[in-house]
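Novice: Fold the following.
(chains A, B and C)
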Amino acid sequence: MRSRTLAVAVVITASSLVVAGCGSKGEATSTSSAGSGTLAIGASLSLTGALAREGQLTKEGYQLCQDKVNAKGGVDIGGTKVKLAIQYQDDTSKPDVAAQLVDQFNDKGIKLILSSYGSANTEAQAAVIERNGQVMADSAGADNKIFSKGYKRTFAVLSPATEYASSIVKAIADLATPKPKTVVFLSADDGFSKTVTEGGMKTAKDQGFTVLDPQYFPSQTSDVSSALTKVKGEHPDVIIGSVHLVEGVAIIKQAKELGVTPAGFGETVAPPTPDFAKTLGTQAENVLGSSQWTDATKGTDKYFGSAKDYAKDIQAKFGHAPDYHNAEATAACLAFALATEKAGSSQPDKVRDALSGLDTESFFGKIKFDPTGQNIYKPMSVIQVQSGKALTVWPKESAEAKMIWPGTHQ
Amino acid sequence: MTAFLQATIYGLLQGGLLALVAVGFSLVWGVMNVVNLANGSFVILGAYVGWEMHEWIGLDPFLGMFVAAAVLFVLGYVLQRFLINLVVNGPIFITLLLTFGLDLLIVQGMNIAFSADFRGIKTSYASESLAIGSVRVPVGRLLAFALAVAITLILVAVVNRTRTGMSILATGMDRGAARLMGIRARHVYALTFGIAAALAGMAGVMIGTVGTFNPSAAASFTLMSFVVAVLGGLGNMYGALVGGLVIGLVQAWGGQYLPGTWVNALAFLVLIVVLIVRPTGLVGRAYYAARVEV
Amino acid sequence: MSTSTPAPRQGVTSALHRDQARRLLPWGLGLLALLAALVLQGQLFSGQERTVSTIFMFVALAQAWNLIGGFAGYASFGQVVFFGVGGYFTAVAISHWHFSFWVSLLLSGVVAALFATLIGIPLLRLKGHYFAVATLGVAEGMREIVTNLPDLTGGGAGITVPTVGNNATTAYLGNDGFYLLFLALAAVSVLVGGLVARNKFGYALRAINQDEDAAAAMGINTTRMKVLAFALSGFITGLVGASYAFQQVTIFPQRLFDVDITVLMIIMVVIGGSGTVLGPLLGAVALQFLSEFLRQNFTDLHTFILGGIIVVAVILLPQGAVNYVREARRTKEFSLLANVRRYRL
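Specialist: Below you'll find the predicted structure:
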């Protein structure tokens, strides 16, 4: 009797496997040829899971790009106008799923891929892209390590991770008077944050600051009190946090609770986001942050106009002020649009070559890639939260406001 | 010395809050043998209720937490009465799967309803701190700690002194006998779960006041509930409090004297060592590990 | 065991043959399933192969968990620690010590089994939920330890197995190769499950599950049996982890020691039917397939729907699908509502 149950079950399993397989091999239609009228691009996004917030912002960026490009009739590929058609899949914030999605897009003949959010997911995807001969425009994976592996088919429109804290250090060195002497880095222990810290410490030493020993804490923690207590006794002039939003808010809140008052705070990722100012209220005042883009960034292009035009479009379409995550996503999609136009074809190898030779201004700033695929030609902006708004204070040509220093009342 | 005292104070305050997160979890596990994997999502849901109250009517979170408690109590009661009660007699760990499914639903529901934005409940006083000598005691955390301890003590009193509380204990000890005595087990179970959810909700509001939250934070609170409840021990109302304080102190001292990234490893190490040396937890009762239900 | 033929008058020989056939039938069907899977490979695109490989991976993981959680009744919440230990051992062995993948694979299994023995001896003295949480603590603790040894494991930044260039010791298997590798692991795990179910070791485990003191009184060395089951389960899980690490190329501690993987394993086993051989197999295939299908077709709501389906499945079939079918056929009671009534309060 048990054998009959087994028999039935095994046969059902086997046949369902075969049926599932058989059905799909038939649909081998490639949807990325210009002849079919649309240019299919695959985007794996973190719509659920730990990165859902940033994933949603990334999706908005891609959606706006598709709207604006298609409003002009689409991209001009060898004389014919072809509309963009971005297909979205959820990678649940996990790197292995993100990589699997790239393979699944490849099955459907979709060779142009927009990256997932975050360095871990992008790194996993880049390996698959390289194997499959696809091409990826990286919107949110900034870790330099991704580009030290010899990958030739992934291009990051955003500035590399080493710039995140370095730009804050440079801004302080340029604009802070009186010039502070000691800097300490408080860093999360994930790969991206550690690269940020390394880059920042190097720049700080080059700029002549005394760099105290960095303190690390677990990524995504909401309790950084130990790190703050440890540095309190050393009275640093500047505290720089290589963090994401949760740790960033925790540093400011707990510094106040513990009575740690440097001349100023600088943090990566968190201060430019609206959540930061909303959650902290007045405590967020005068915190410095680095951003891939602000609406004061210089540069224009034919699809999006200037940064201010872009900001207006995001506000109109999604009802909130733009976040740099929106902008970097749109920039990646824009890179594809410009590259396919330049190549006159949507064949992955031609698009790849066009991307590597791209050198253009845009609402996002300069888009140009070095031989490893990173955009080292676009500087990051440094913002300061003033009256609840993130205003650009550095570099000088994009500055909207003067940097307030010291940032805290000592 | 200052650093040690500062770390100790911080550890105790954090520990009290962790205890409140875990006390409902421990209650439900001890009384009903139900492992509630959705505990973290109750915490976050409470935080959202507190946040909404603060946004709409400017209700101070320490008052808003009573609203959160009421909302979560109703939710917990309904879930237990009409859903979890259906599988209570099933094989071990089936309630675990059910609550896992519920957790998925609740967390995703919050993601859809509230979006994945990070939020915090702003108060004017929570980040102020009292200076005692060279040590700073943050006001918000101190209030949360005091409330957490008070609520635990109230819970112990309610469970040990009132008829309802005794019926909960009785059902936990021997469901069959309790039913024979006229106790409506289905209702008592639902009541217990409702209370546990309410406690988690209150903890959530306090967490929302001292830090930030978003739906994906639920998982770490569930994990913490496990560690704290088992470390303290089941079957004893003070178990979660003891467990919470120990974990809070261990993490604070660990963070102070070891590299900051070892704090979590230390917490788990302590848990495992305690379980090996005292298998029923620090103050738990052995009976609860080997119960047979009718 | 109801077959409709009356007591045979043909003699002992044909009864013997029938009995032998009945016992060999499961193995024959298993072989058939294996062949079907091999044939299936030719039908699939490369990306789909990867999806199906994940299904096979979970079959192996579920079967391995079933050894300790289903047969012996010691539900380990930290099973993923063997997955992670196996995966990281392979990654470190290939990157730092230049072992070939196949050698690392085998060693990973052995290392995971040794680790299981090491933690099993103290922890298997705990019962029920306490054992579960202790193993959970070990898994989480291991993740933290791995994160804090960046020189060896890359820490939070992850570690990459070299697959191109001079450092690569074994050629990357590609989606085709990994399909076969995971299929082999799934087949081995089902085989081991089937063998354990039918021999003295399996009976000892079941005895321990039902009443450990009585089993000890019967002369079963319960500690030895439990540790052996734990080590065997750890071995298989370690092999799977090693293969996964090679497939992913870059691995991170949060993912290799993710408690979600353990919870998924447990759900698959329990929904399929714990303590059986077919249960984990069906549970793994059904759940993984369903979750993939939902994710591809309901991009925004897939987790929500999956949660709902799990809730419904658990309420209607608390004992698992295979056990439900067996009991239903025995008692001729197929009503799901009757099933619910049986288990509710």
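Novice: Please count neighbours and contacts with C-alpha atoms only from this point.
Specialist: Will do.
Novice: Apart from its neighbours in sequence, what residue is nearest A:V211?
Specialist: A:V183 (5.0 Å; C-alpha to C-alpha, 6 or more residues apart in numbering or on different chains).
Novice: Show me the shaky parts of the stretch 51-200 of chain B.
Specialist: For the stretch 51-200 of chain B, the stretches with pLDDT under 70 are B:92.
Novice: Show me what from it comes close to chain A.
Specialist: By C-alpha under 8 Å from any C-alpha of the partner chain, the residues of the stretch 51-200 of chain B that approach chain A are B:108, B:111, B:115-122, B:127-129, B:135-138.
Novice: returning to what we had before: ok, the residue nearest to A:V211 - how many residues close by?
Specialist: Burial of A:V183 is recorded as 24 neighbouring residues (other C-alpha atoms under 10 Å in any protein chain shown).
Novice: did I read that right, it in a helix?
Specialist: No - under DSSP: H, G, I helix; E, B strand; the rest coil, A:V183 sits outside any helix and is assigned strand.
Novice: re the thing from before, counting neighbours, which of the residues of the stretch 51-200 of chain B next to chain A end up buried?
Specialist: Buried by 16 or more other C-alpha atoms under 10 Å in any protein chain shown: B:108, B:111, B:116-122, B:127-129, B:135-138, out of these.
Novice: among the residues of the stretch 51-200 of chain B next to chain A, which are in reach of chain C?
Specialist: Subset of those in contact with chain C: B:Q108, counting by C-alpha under 8 Å from any C-alpha.
Novice: now, which of the residues of the stretch 51-200 of chain B next to chain A lie within strands?
Specialist: Cross-referencing those against strands under DSSP state E gives B:S129, B:V135, B:R136, B:V137, B:P138.
Novice: Those into CSV, with extra columns for distance to A:Q347?
Specialist: CSV is the format used below for those (distance: C-alpha to C-alpha, whole Å):
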residue, distance to A:Q347
B:S129, 62
B:V135, 65
B:R136, 63
B:V137, 63
B:P138, 60
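Novice: still on that earlier bit, please identify which pair of the buried ones among the residues of the stretch 51-200 of chain B next to chain A lies farthest apart.
Specialist: Maximum pairwise distance among these (C-alpha to C-alpha): 41.2 Å, between B:Q108 and B:V135.
Novice: Distance of A:A126 relative to B:A3?
Specialist: 45 Å (C-alpha to C-alpha, to the nearest Å).
Novice: try A:A137
Specialist: For A:A137, the distance to B:A3 - C-alpha to C-alpha - is 48 Å.
Novice: Compare neighbour counts for these two and give me the winner.
Specialist: Taking other C-alpha under 10 Å, A:A137 and B:A3 do not tie; A:A137 has more neighbours (29 against 18).
Novice: Which helix or strand contains the more buried one?
Specialist: Using DSSP states H and E, A:A137 sits within strand A:135-138.
Novice: Kindly export that strand (C-alpha atoms) in CSV.
Specialist: Extracted C-alpha coordinates of strand A:135-138, given in CSV (Å, rounded to 0.1, in the frame of the first residue of the first chain):
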residue,chain,number,x,y,z
VAL,A,135,25.6,43.6,-20.5
MET,A,136,24.7,45.3,-17.2
ALA,A,137,24.3,49.0,-16.3
ASP,A,138,25.0,49.2,-12.6
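Novice: can you tell me the average pLDDT over that strand?
Specialist: For strand A:135-138, mean pLDDT is 94.
Novice: Find the closest residue to chain C in chain A.
Specialist: A:G191 (3.5 Å; C-alpha to the nearest C-alpha).
Novice: looking at it, that residue is touching C:P150, isn't it?
Specialist: No - A:G191 is beyond contact range of C:P150, at 10.1 Å (criterion: C-alpha atoms under 8 Å).
Novice: Please, where are all the helices along the stretch 101-250 of chain A?
Specialist: Remark: helices assigned in the stretch 101-250 of chain A by DSSP state H, counting those that start in this stretch are A:119-132, A:162-175, A:191-206, A:225-232, A:245-258.
Novice: is it possible to export those to CSV including mean pLDDT and mean neighbour count?
Specialist: Compiled in CSV, the helices of the stretch 101-250 of chain A are given as follows (pLDDT from 0 to 100; neighbours: other C-alpha atoms under 10 Å in any protein chain shown):
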stretch, mean pLDDT, mean neighbour count
helix A:119-132, 91, 23
helix A:162-175, 94, 23
helix A:191-206, 94, 22
helix A:225-232, 90, 21
helix A:245-258, 90, 23
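Novice: Distance from the chain centre to stretch B:53-61, please.
Specialist: Relative to its chain's centre, stretch B:53-61 lies at 23 Å (C-alpha atoms, centre = their mean, to the nearest Å).
Novice: Can you list phi and psi of the closest residue to chain B within the stretch 51-200 of chain A for me?
Specialist: Closest to chain B within the stretch 51-200 of chain A is A:R53: 4.7 Å, counting by C-alpha to the nearest C-alpha. When read as degrees, to the nearest 10, the backbone of A:R53 gives phi -60, psi -50.
Novice: hey, where'd the strands end up in the stretch 51-200 of chain B?
Specialist: Under the criterion DSSP state E, counting those that start in this stretch, the stretch 51-200 of chain B contains strands at B:129-132, B:135-138.
Novice: Relative to B:V283, how far out is whichever residue of the stretch 151-300 of chain A sits closest to chain B?
Specialist: With C-alpha to the nearest C-alpha, the shortest gap between the stretch 151-300 of chain A and chain B falls at A:F217, namely 4.6 Å. Computed as C-alpha to C-alpha, the A:F217 to B:V283 distance reads 31 Å.
Novice: if you count what's nearby, which of the two comes out ahead?
Specialist: Shown here are A:F217 and B:V283; by other C-alpha under 10 Å, A:F217 has more neighbours (26 against 20).
Novice: Over to A:V82. Which of the three states is it?
Specialist: When classified by three-state DSSP, A:V82 comes out as strand.
Novice: and it, what does it touch?
Specialist: Contacts for A:V82 (C-alpha atoms under 8 Å, 6 or more residues apart in numbering or on different chains) come out as A:A34, A:G37, A:T38, A:L39, A:G73, A:G74, A:V75, A:D76.
Novice: can you check B:V149 too?
Specialist: B:V149 sits next to B:G16, B:L20, B:L241 when contact means C-alpha under 8 Å, 6+ apart.
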